[in-house]
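Student: I'll drop the sequence and a predicted model, then ask my questions.
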Amino acid sequence: MFRFMTLLWNARSPDLSATAETLQRQLQLAGGGWCEALAARGILVLVADRSQYLGVCSLCDQAGVVVGEVFARRNDSDNAAPADAAKFNRLETLEALKTEGRSLARNFWGNFVAFIVDEARGARYVYNDPSGTLPCYYTRHRGLQLVFSSLSDCRELGLKPQVNWAFVRARAVNGLLDLDTPSLLGVSAIHRGECARFDVQGEFVSKLVYWHPSKFEGASDLIVNPGAAAKSMRATVSSCVQSLAAHHSSLLAQTSGGLDSSVVLGCLGEAPNKPRITCYTDYVRDSVCDERRWARYASQRGGYRHVELCRDPRAMIFKDLPALAPTMEPACYFTHWQRGPKDRALAEEFDATVVFSGDGGDSSFCSTSFVYAVDHSLKRHGIGLRTLRTALRVASRRDRTVWSVLAKSLGRVMLGAGRRDEGRGRRSALSSLVSTDAKEFVRRDQGKGRSSFLRSDGRATQETLLRMGTLAFPPSFYDLSTSAQSRAPYTVSPLSAQPVYELCARIPVDIHFDAGRIRGLARRAFVDVVPAPILRRQWKDRPLLFVPEVIQRNVGYLREVLLDGALVKEGILDQARLELALRTDPTRSAAIGAEIVNHLDLELWIRDCRG
């Protein structure tokens, strides 16, 4: 799997230069095919498992490199052609240096981390793009600054940082939000849209937000004409899907039968390079919620090979699962062991190098935020017939009265009601087993540990977080069910790509709520590539009993690990509540079941960090 490791140090020190050479040799002796992407005064960028789609793009005159996958941005959102792979000429290199990397947020997109060497300012800039999944962290080690993507590589260099208990408390209370609180002591993250500055000695100087989900360039240029919005959405999504598919001759497509994965599959079918497409769908035998019927509509429309994979809750025995690969963030054992081995096996069978997912569509197409349609109509039209009609449609979808929906929207628009922490109720529902002391600790520290988008200088509202979707959570790039040095298909989510997010964010929610349909504008935009039954479908089947059955079959293991674990001993979980939840039926509540699984992931991550 693609990885990078960058060393920054004071080049005037012969001892530190020698240490840099030693660390480079250690990495190369450990295997993984490391090669130099950039070697300049006091900076060495190494990459492993580079390919034609995840590799290195160099700036001119050794002014830096971009690692990962990077495309040039267009100004025309109605152009559906695939984007060109980025090539930094002298003018673009000078612009990157002049703007201290800010031009990358405006002019490029993809899944990349950029390293810019500015000798005139005596600075090194590390920029993480807004919509990628390639993680980026930094820490001091033996007098050098390490900037890396995989914790496994740091362990090869003898680095094993300790758990930060402030992070553990915040994760237990707040869930998966991407937080600034470091997960491991002495290790910091460069989050999406952020740029960290280091001096020529490799010392950290500052970190700034170059991209904000509601303040990006052009954010105020709203698209309010439904026809124009649908046209731009169609072109932008198609361009991103086909750009990401351009270097792959064979690919896998997660096909759930929902609108989002069907949109991605429809756009893949129009890709100029004509890749071989294999669809696959998970299902649970004898479940009342079976997606296969709908997935077949999507795969049969293009005549694609379609593999149906049975998920058996009886096969998910937690005590038999090996540990996941080392990771900076607690990872979901459930997801990685369900998905990783199957994706790798399918990729090997069909010689596929990438997996396309519809993840991000719920947020980009406003499925999760349609309740704010009335707010947007109020801001542009006031209280009139159009707004009342929108409120009536939202109310019918939510089984509320039109007056209650309208009153809440008026409160948000006119009084700012709920802007401070609109998600508190949701998070409380997912932390019912967390102790009062832990919640109070997090409440007192809540301004310090929030992500860059939630701090007072750039706070995102709950609506913005819902529209960000997966971009509000820590990146998930590696298949942790295998070694980072193993081969695994690269997973991409085009509906979370920066051009798609920005285009959809410029379209007001009431326009997305076209004709009173959730994701109505997307249904209009992709009417020619999505089968009619899926376009008409207004619900999504989910195997509701799968997770509860897994929990029930593993309740003995859960009791052993959680009740005797670090979260209870540190007073983060309330032992009495946890014991009651595990002694009675832990599957009676979907929220309790999800919370138990999340705490298990956190407990196992702590165990691995200590091991």
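Tutor: Perfect, I can see it now. Numbering: from 1, shown residues only.
Student: Please name the strands paired to the longest strand along the chain in the sheet, noting orientation.
Tutor: When the chain is parsed with DSSP state E, its longest strand is strand 108-118. According to DSSP bridges, strand 108-118 has the following sheet partners: strand 64-72 (antiparallel), strand 123-128 (antiparallel).
Student: Contacts for the last one, please.
Tutor: It refers to strand 123-128. Residues from elsewhere that reach strand 123-128, judged by C-beta atoms under 8 Å, 6 or more residues apart in numbering: 6, 8, 42-43, 64, 100-101, 104-105, 113-118, 134, 136, 138, 147, 190-200, 202, 205, 210. The C-beta positions use only the backbone N, C-alpha and C, and glycine is treated the same way.
Student: ok, Leu480 to Leu604 distance?
Tutor: 11 Å (C-beta to C-beta, to the nearest Å).
Student: Which one of these two is surrounded by more residues?
Tutor: Shown here are Leu480 and Leu604; by other C-beta atoms under 10 Å, Leu480 has more neighbours (22 against 19).
Student: and the strands paired with strand 108-118 as JSON lines, adding mean neighbour count and mean pLDDT?
Tutor: What follows is the strands paired with strand 108-118, written out as JSON lines (neighbours: other C-beta atoms under 10 Å; pLDDT from 0 to 100):
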{"stretch": "strand 64-72", "mean neighbour count": "25", "mean pLDDT": "96"}
{"stretch": "strand 123-128", "mean neighbour count": "25", "mean pLDDT": "97"}
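Student: Minimum distance to Leu582: which of those strands has it?
Tutor: Evaluated over those, closeness to Leu582 peaks at strand 123-128, with 39.2 Å, by C-beta to C-beta.
Student: Can you name the next helix or strand after that closest one?
Tutor: As assigned by DSSP states H and E, the chain's next helix or strand after strand 123-128 is strand 137-141.
Student: can you give me the helices for the stretch 301-450 of the chain?
Tutor: Using DSSP state H, counting those that start in this stretch, the helices of the stretch 301-450 of the chain run over 333-350, 361-364, 373-381, 385-398, 402-410, 424-429, 436-444.
Student: These into TSV, with extra columns for mean pLDDT, mean neighbour count and distance to Arg506?
Tutor: Listed next are the helices of the stretch 301-450 of the chain as TSV, based on pLDDT from 0 to 100; neighbours: other C-beta atoms under 10 Å; distance: least, C-beta to C-beta, whole Å:
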stretch	mean pLDDT	mean neighbour count	distance to Arg506
helix 333-350	90	17	32
helix 361-364	95	26	12
helix 373-381	95	21	12
helix 385-398	93	18	19
helix 402-410	92	17	20
helix 424-429	53	12	26
helix 436-444	87	15	34
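Student: could those go into a markdown table alongside distance to Gly32?
Tutor: Putting the helices of the stretch 301-450 of the chain into a markdown table (distance: least, C-beta to C-beta, whole Å) gives the following:
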| stretch | distance to Gly32 |
| --- | --- |
| helix 333-350 | 17 |
| helix 361-364 | 34 |
| helix 373-381 | 49 |
| helix 385-398 | 50 |
| helix 402-410 | 53 |
| helix 424-429 | 39 |
| helix 436-444 | 38 |
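Student: And those: which comes nearest Tyr490?
Tutor: Nearest to Tyr490 among these is helix 333-350 (9.4 Å), distances taken as C-beta to C-beta.
Student: returning to what we had before: now the common contact residues for Leu480 and Leu604.
Tutor: Leu324.
Student: what about the closest residue to Thr387 other than its chain neighbours, distance to Leu406?
Tutor: Once flanking residues are discounted, Thr387 sits nearest to Ser377: 4.3 Å by C-beta to C-beta, 6 or more residues apart in numbering. Separation of Ser377 from Leu406 (C-beta to C-beta) stands at 10 Å.
Student: Now the common contact residues for those two.
Tutor: 387, 391.
Student: Pretty sure the residue nearest to Thr387 sits against Arg386.
Tutor: Yes - applying C-beta atoms under 8 Å, one finds Ser377 in contact with Arg386, separated by 6.0 Å.
Student: Please name the bridge partners of Lys207.
Tutor: Ala196.
Student: actually Thr281, sorry about that
Tutor: With DSSP bridges as the criterion, Thr281 is bridged to Glu308.
Student: and it, how many neighbours?
Tutor: 23.
Student: Just to check, it is in contact with Glu291?
Tutor: Yes - using C-beta under 8 Å, Thr281 and Glu291 qualify as a contacting pair, with a distance of 6.0 Å.
Student: Look up the residues that both of these two are in contact with.
Tutor: With C-beta under 8 Å, 6+ apart, Thr281 and Glu291 have common neighbours 256-257.
Student: Next up, the contacts around the nearest residue to Val126 once chain neighbours are set aside.
Tutor: Nearest non-adjacent residue to Val126, counting by C-beta to C-beta, 6+ apart: Ala196, 4.8 Å away. Taking C-beta under 8 Å, 6+ apart, we find Ala196 in contact with 125-126, 138, 190, 204, 206-207.
Student: Out of the residues you listed, which is nearest to Leu23?
Tutor: Out of those, the member with the shortest distance to Leu23 (by C-beta to C-beta) is Tyr138, at 14.4 Å.
Student: Quick one: residues contacting that closest one.
Tutor: Tyr138 sits in contact with 126, 145-148, 187-188, 190, 196, 204, where contact means C-beta under 8 Å, 6+ apart.
Student: Select, out of the helices of the stretch 301-450 of the chain, the one closest to Ser243.
Tutor: Closest of the helices of the stretch 301-450 of the chain to Ser243 is helix 361-364, at 16.2 Å (criterion: C-beta to C-beta).
Student: In terms of secondary structure, what does the closest one contact?
Tutor: helix 259-268, helix 462-468, helix 498-505 (3 or more C-beta pairs under 8 Å, 6 or more residues apart in numbering; DSSP states H and E).
Student: Can you say which of these is nearest to Ala532?
Tutor: helix 259-268 (11.0 Å).
Student: For the closest one, list every residue counted as buried.
Tutor: 259-268 (16 or more other C-beta atoms under 10 Å).
Student: likewise stretch 98-112?
Tutor: Under 16+ other C-beta under 10 Å, the buried positions of stretch 98-112 are 99-105, 107-112.
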